[in-house]
Each structure stands twice: as C-alpha cells, then as structure tokens.
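Engineer: Here is a sequence together with a model predicted from it:
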Amino acid sequence: MPELPEVETVKRGLLKLIVGKTIKFIEHDWPKSFPNSEFDVTSFLVGASIKNVRRRAKVLIIDLSTGYSLVIHLKMTGQMVYVKRKQIEDSRLKNEDAVDEIDPQFSISNSQSLNSEDIRFGAGHPNDSLIKELPDKSTRVIFVFNDDSHLYFNDQRKFGWVRLMPTIEVPNIDFMKKVGPEPLEPEFTAEVFINRIQKRANTTIKAAILDQTVLAGVGNIYADESLWGANIHPASRVFDVPLAKLKKLHFEIVFVLNLSINKGGSTSRNYVNAEGKRGSYLEFARVFRRENLPCPRCATIIKKIRVAGRGTHVCPKCQVLPKKLVNI
DNA sequence: CACTTGACCTGTCCGC
DNA sequence: TGCGGACAGGTCAAGT
C-alpha cells in the first residue's frame, strides 16, 4: 500500500479538492470495504459536508460537518481518486484544446499508456496517470458531491476499508490506540526512536521499523531505503545494532519520508494520488526494486532477500550483518 | 510475553 | 498459449 508519504500526498490532494463539498450520494459494492454498513451509511452521509482531511500513520481521516468521520485504510492497493465528472466526459468527447475553463490539474490523461518497465522502476513522469476511466472494476465506493464531482475509493485487492464513526471515537479504535509516534513530528527525536526500538531487541531491525507500534508510517519501501541509508543489514537483530547506527537510522527514516513526500510518493504498481497521478520517488530509490542493479554508493550488485516475511533489497557490501557473537 | 507465520484478495509475472 | 506457483506497498489473528 501506500505508506506514510503516499497517504500524506493523498491527504494534501483531498484537502485542496474536496473540503467544503457536500455529499449528495454514495454507492458501495463491496461490504468489506465499508464494514459498518449494517446501519444505513447513506443516511449518515448524504447532506454532510467535508470539513477537514487528516492523516494518522497510514490512515486517512475525513471529518464531516455532522460530527462523524470517514476513516480509511488503503492497505496495499487502495486509491482515493477525485474526478470532476464533467471532465471525464469532456476528455472522452472533445480534443485537447477544448479544456479551457477546466483546471488542468484535474485533467485525467488517457493518452499515456505505461509499459510494465515504467511501472516497475517508476520511470514515468510524475504527471503520468494510471487511471484511464472510472469507475473501473476495482472501484468499491463512490462519493458523489453536490457539484457532481466524484471521489472514488478503488482497491484491487479488497484489503482496504472505509469506516464511518463519530469523530470523537476515532482515537479510540484499536489501531489508533496502539500506533507509535508520527516520524515527521518534532517530538520524534532520535532518543524517542532508540528508546522505543530497543524494546524490540530480539527481532530483526527491519521487522522493528515496520512495526507500527514502534513508529507510524514506515512500510516495505522506506524500510529498505532507510536501512540502506544507515548501512544496516535488515536482518540484523536490534540488540546488535550500535547506537550510532540507530541514530543514523532515525535520521534516514525522516529523510526518506520527507524526500518521498516531496516527490509525490512512490508508484511501483498502482498507487496514485488524489488526482489519479503517479508518484516519482522510485526514480530516486537507492535499493528498493533495484535488485541486480549496482548500488549507488559502491556499485556492488544489489540483492533481493527475504526478511520479516517481506521482499527485502540490500547491498551486500554496504549492509553487512554483524558478526555472530562467539560463544566461550 | 515476544516473535513469526498465515490469511485476507486480485492481478501479474515467470518458468515449465 | 496454458497452467501453477510465487509475489505485490499492510495488518490482524493464530501459531510457536
């Protein structure tokens, strides 16, 4: 899924695009995408307007005027894509020069077709779109606003969900109670990080930074990227990693997350932002999905291994496992 | 308790 | 070209 930078990018897009709009209508076709639909979700949503869009960890929170919030987890393949209805029709019916009064940022490109290499290496221009026409068969929920613009929740793998709950209850859901500090907040100091991660002394460092209760928002991409940056082998046990390297790792995590936000996130398969566009971080990735390519630091060929049950990219020269302690 | 593994789903890619 | 298996950005529950 979208990790922290991707969810943050979607959040920023939605803040610009949907705040102030009123929900006129909703459709949802997959009960698990909307697990609390046992009560009449529609009647709670229709007529509500969008007050704010927030993020906590990898969770999106859309606050409504009614005191309720939509809480959304995109998991692996979720997307939130905003489309002006008019514009889809326009782009189908008219040619390029007829789009005058429509803000160009909203235009959904259907002229780009990306081959799998582009997608694998994130080589496409950040403005490239993976969305051709919506709804498509991954569309699970459609929010229609009073101006007839649409917000699509798409999720190919159906792991994601949307929940409706009173805003005041959001901090009480299990995930929110357990989740660790936001890495981009000033309170997330190296000391805080080291203190928390050392409680996971016996697991691998990669499993530890993927653990959302240690810190919020790191997933497989930025775990690999930050461990490479800090010259730490992902399979190192936490207790084997020297303090100086943990400190460097803290710096690298903050660095890669910020860099990725600046690049609009990572698109390796199907992540897109709120305007249906790809992120370009993977063009700058140092190890992630770069197996069999040279390490940008030492030119050693990057290997793909398995750590914490996840595909893991590592430079065998820059990231060395600590020597096994010799038993006496 | 700490830690690891499998399940949840669909789609794609790779090797036979 | 078809088919089986492995794998894909996350998180839980159930296992050791």
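Structural biologist: Received it, and whenever you're ready, just let me know what you need. Numbering: from 1, shown residues only, chains lettered A, B, ... in the order given.
Engineer: Quick check: pLDDT value at A:V41.
Structural biologist: Per-residue pLDDT puts A:V41 at 85.
Engineer: Tell me who's in contact with it.
Structural biologist: Applying C-beta atoms under 8 Å, 6 or more residues apart in numbering, one finds that A:V41 lies in contact with A:26, A:28, A:34, A:164. For glycine as for every other residue, the C-beta is placed from the backbone atoms N, C-alpha and C.
Engineer: Could I get the phi/psi values of it?
Structural biologist: As for A:V41, its main-chain torsions (degrees, to the nearest 10) stand at phi -60, psi -40.
Engineer: Against DNA strand C, how distant is it?
Structural biologist: 21 Å (C-beta to the nearest atom of the strand, to the nearest Å).
Engineer: How is the residue of the stretch 51-200 of chain A at minimum distance from DNA strand C assigned, secondary-structure-wise?
Structural biologist: Closest to DNA strand C within the stretch 51-200 of chain A is A:F175: 3.5 Å, counting by C-beta to the nearest atom of the strand. State at A:F175, reduced to three classes by DSSP: H, G, I helix; E, B strand; the rest coil: helix.
Engineer: wait, it sits on A:V59?
Structural biologist: Yes. Between A:F175 and A:V59 a contact is recorded at 6.9 Å, counting by C-beta atoms under 8 Å.
Engineer: Show the average pLDDT along stretch A:231-250.
Structural biologist: Stretch A:231-250 carries an average pLDDT of 98.
Engineer: do that stretch and DNA strand C meet at all?
Structural biologist: No. Figure legend: stretch A:231-250 not in contact with DNA strand C (C-beta under 7 Å from any atom of the strand); closest approach 12.8 Å.
Engineer: For the residue of the stretch 51-200 of chain A closest to DNA strand C, report the pLDDT, please.
Structural biologist: 95.
Engineer: What of A:N110?
Structural biologist: Reported pLDDT for A:N110: 28.
Engineer: just the one 3 residues further on next, same as before
Structural biologist: A:S113 is assigned 30 on the pLDDT scale.
Engineer: Please apply the same query to the one 5 residues further on.
Structural biologist: The confidence metric pLDDT takes the value 30 at A:D118.
Engineer: distance of the residue of the stretch 51-200 of chain A closest to DNA strand C from A:G217?
Structural biologist: Going from A:F175 to A:G217 by C-beta to C-beta, to the nearest Å gives 12 Å.
Engineer: returning to that earlier point: closest to A:G47 out of the contacts of A:V41?
Structural biologist: A:I26 (11.2 Å; C-beta to C-beta).
Engineer: Using the three-state scheme, assign that closest one.
Structural biologist: Going by three-state DSSP: A:I26 is strand.
Engineer: Next, count neighbours for it.
Structural biologist: 18 (other C-beta atoms under 10 Å).
Engineer: Report the beta-bridge partners for it.
Structural biologist: Beta-bridge partners for A:I26, by DSSP bridges, are A:F143.
Engineer: Quick check: it touching A:G47?
Structural biologist: No. Between A:I26 and A:G47 there is no contact under C-beta under 8 Å: 11.2 Å.
Engineer: just the helices in chain A please.
Structural biologist: A:4-18, A:41-45, A:85-93, A:116-121, A:174-178, A:190-197, A:205-210, A:220-229, A:243-262 (DSSP state H).
Engineer: wait, doesn't A:L164 sit right on A:L70?
Structural biologist: Yes. Shown here, A:L164 and A:L70 form a contact pair, counting by C-beta under 8 Å, at 5.9 Å.
Engineer: Tell me which of those two has more neighbours.
Structural biologist: Shown here are A:L164 and A:L70; by other C-beta under 10 Å, A:L70 has more neighbours (27 against 19).
Engineer: In the sheet, which residues pair with the more buried one? Tell me.
Structural biologist: Going by DSSP bridges, A:L70 forms beta bridges with A:I62, A:L164.
Engineer: Just confirm it contacts A:T167, I think it does.
Structural biologist: No. Counting by C-beta under 8 Å, A:L70 stays clear of A:T167, with 9.9 Å between them.
Engineer: which residues are common contacts for those two?
Structural biologist: Residues touching both A:L70 and A:T167 (C-beta under 8 Å, 6+ apart): A:L64.
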